[in-house]
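In: only geometry, no sequence info:
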């Protein structure tokens, strides 16, 4: 065995390895950072009912995006991250045309976060984020013309389409596993106060309608939906092929994840053979989902673990 990218060959360090491998029946694995690269990329978004990030030909058929697909040119933005990749030119055009919904969407991403900026000796701007997905969203806003520049305990400065704008930071409600959302209240130079909120789709949709009387909940009711984002965490090299080979050896794979069921069903078709059955077990704790990959050709089922 040989990993070409790093030119690393396999080394046999013990003679009992094959015997131990032959006794394995189950593999229990984490997902993020184990099966995936834990490198989040901004892939798609939906703004005001319009989807961005996919490409279509003249007949309306979806075009597969490859390494040879032309990328969006962000040279107009001197503060853009050169490593950021996006292929749908229509989103840039929408933002540069001054579309208020698109600009409000990226303004939210540039303001509602806990990212810290860091400027290197070369003058380049770097972001230190608590989570990879938050860093991906702030970087996306940066490339589309809403550059998070600096923050103080009482303010946050953003370069919006070339213009420096400093917002007064009135209040921050951090993300946690109970609220599943983050909220900030800011005041712009014109004196307009705005609540920006981002979080899990199910939680945000609930906040679009009156449902709670508690003060923290009341502050995030009657929201105007700006859009949604799609952030991808790609599989590590060789994961689908490895899982397929393990399944052929009658080794069952269990993956612990906090993702929603629909995401796990989608990932099942990405990771392995679509004809292979997958079972998803829901423990009593609603935020734990454990998908398994049995070798029998049974339909996908959902069960509640006792």
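Out: Arrived safely. The structure presented is a predicted model; accordingly, all values stated were derived computationally and were not measured.

In: residue boundaries of the strands in the stretch 151-300 of the chain?
Out: Here the stretch 151-300 of the chain has its strands, by DSSP state E, counting those that start in this stretch, at 155-160, 163-173, 181-187, 193-199, 227-235, 252-256, 279-282, 290-293.

In: what pairs with the first one, parallel or antiparallel?
Out: The one in question is strand 155-160. strand 146-152 (antiparallel), strand 163-173 (antiparallel) (DSSP bridges).

In: can you put the strands of the stretch 151-300 of the chain in CSV and add distance to residue 3?
Out: All C-beta spots, glycine's among them, are computed from the backbone N, C-alpha and C. Formatted as CSV, these follow (distance: least, CB to CB, whole Å):
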stretch, distance to residue 3
strand 155-160, 41
strand 163-173, 44
strand 181-187, 39
strand 193-199, 38
strand 227-235, 15
strand 252-256, 21
strand 279-282, 32
strand 290-293, 24
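
In: rank those by pLDDT, which is bottom?
Out: Ranked by mean pLDDT, the strands of the stretch 151-300 of the chain end with strand 290-293 in last place, scoring a mean of 40.

In: can you show me the helices along the stretch 51-200 of the chain?
Out: Under the criterion DSSP state H, counting those that start in this stretch, helices of the stretch 51-200 of the chain are mapped to 89-96, 100-111, 132-143.

In: from the chain's centroid, how far away is the shortest one?
Out: Spelled out, it's helix 89-96. 21 Å (CA atoms, centre = their mean, to the nearest Å).

In: buried stuff in it?
Out: 91-92, 94-95 (16 or more other CB atoms under 10 Å).

In: for the second one, same thing?
Out: Taking 16+ other CB under 10 Å as the basis for neighbour counts, the residues of helix 100-111 that come out buried are 102-111.

In: now do residue 26 against residue 36, distance only.
Out: Computed as CB to CB, to the nearest Å, the residue 26 to residue 36 distance reads 21 Å.

In: can you check residue 105 too?
Out: From residue 105 to residue 36 the distance is 26 Å (CB to CB).

In: what is the burial count for the nearest residue to residue 111 once chain neighbours are set aside?
Out: Spatial nearest neighbour of residue 111, chain neighbours left out: residue 196 (5.5 Å); criterion: CB to CB, 6 or more residues apart in numbering. The number of residues packed near residue 196 is 20, by other CB atoms under 10 Å.

In: list the residues that contact residue 196.
Out: Applying CB atoms under 8 Å, 6 or more residues apart in numbering to residue 196 gives the contacts 107-108, 111-112, 183-186.

In: change it to 7 Å
Out: Counting by CB atoms under 7 Å, 6 or more residues apart in numbering, residue 196 touches 108, 111-112, 183-184, 186.

In: do the same with residue 188
Out: Contacts for residue 188 (CB under 7 Å, 6+ apart) come out as 165, 167.

In: got phi/psi on it?
Out: phi -80, psi 170 (degrees, to the nearest 10).

In: burial count for residue 22?
Out: Close neighbours of residue 22, defined as other CB under 10 Å, add up to 8.

In: for residue 250, see how far away it is.
Out: Counting by CB to CB, the gap from residue 22 to residue 250 is 11 Å.

In: thinking again about what came up before, redo the contacts of residue 196 as a markdown table? Include distance to residue 81.
Out: Converted to a markdown table, the contacts of residue 196 look like this (distance: CB to CB, whole Å):
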| residue | distance to residue 81 |
| --- | --- |
| 108 | 19 |
| 111 | 18 |
| 112 | 19 |
| 183 | 26 |
| 184 | 23 |
| 186 | 24 |
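
In: name the spans of this protein whose pLDDT lies under the cut-off.
Out: 32-33, 38, 121-123, 208-223, 226-227, 231-233, 257-306 (pLDDT under 70).

In: ok, back up a step: in JSON lines: the helices of the stretch 51-200 of the chain, plus distance to residue 16.
Out: Supplementary listing: these in JSON lines, determined by distance: least, CB to CB, whole Å:
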{"stretch": "helix 89-96", "distance to residue 16": "55"}
{"stretch": "helix 100-111", "distance to residue 16": "52"}
{"stretch": "helix 132-143", "distance to residue 16": "38"}
